[in-house]
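J.: Predicted coordinates and the sequence they were generated for:
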Amino acid sequence: MPGIDFDRLRRDITMEEVLQLLGFEPSQRTGDQWHGACPLHGSTSGRARHFSVNVAKRRYCCHKCPSQGW
């Protein structure tokens with residue numbers, strides 16, 4: 001079974017599509033920078049801003065759990 005080509009996956013799937021699949025609802029948008037509750041550690045507050053993602057650069061970071069990446 002072949003491995004996953006993550007470079008191809010990153011080219012074919014947008015950050016917006018990934019966030020939609022995770023059910024992310026930003027509480028604030030400033031251009032390409034979105035903030036909201038972290039969909040990775042299960043933050044439940046609708047007004048939380050722990051999670052920050054730059055959809056143009058395809059980078060994310062949660063300031064509460066150690067999750068970050070691209």
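T.: That came through fine.
J.: Show me where this protein dips below the pLDDT cut-off.
T.: Scanning the chain for pLDDT under 70 picks out the ranges 1, 43-48.
J.: check which helix or strand covers Gln28.
T.: When secondary structure is defined by DSSP states H and E, Gln28 falls within strand 26-30.
J.: How far off centre is that strand?
T.: Computed by Cα atoms, centre = their mean, to the nearest Å, the chain-centroid distance of strand 26-30 equals 12 Å.
J.: List the buried residues of that strand.
T.: Within strand 26-30, the residues scored as buried using 16 or more other Cβ atoms under 10 Å are Pro26. In this view, the C-beta of every residue, glycine as well, is placed from N, C-alpha and C.
J.: What strands line up against that strand, and which way round?
T.: According to DSSP bridges, strand 26-30 has the following sheet partners: strand 33-36 (antiparallel).
J.: all strands for the protein, in order.
T.: If DSSP state E is used as the criterion, the strands of the chain fall at 26-30, 33-36, 51-54, 59-62, 68-69.
J.: Out of those, which is the most enclosed?
T.: Of all the strands of the chain, strand 51-54 has the most neighbours on average by mean count of other Cβ atoms under 10 Å, namely a mean of 20.
J.: which other residues reach that strand?
T.: In this structure, residues lying in contact with strand 51-54 by Cβ atoms under 8 Å, 6 or more residues apart in numbering are 15, 19, 24, 32-40, 43, 59-63.
J.: Report the separation between the residue lying closest to Ala56 once chain neighbours are set aside and Lys57.
T.: If you skip the residues right next to it in sequence, Ala56 has Asp32 as its closest partner in space, 3.9 Å away by Cβ to Cβ, 6 or more residues apart in numbering. Computed with Cβ to Cβ, to the nearest Å, the distance linking Asp32 and Lys57 is 7 Å.
J.: distance of Ala37 from Asp12?
T.: For Ala37, the distance to Asp12 (Cβ to Cβ) stands at 27 Å.
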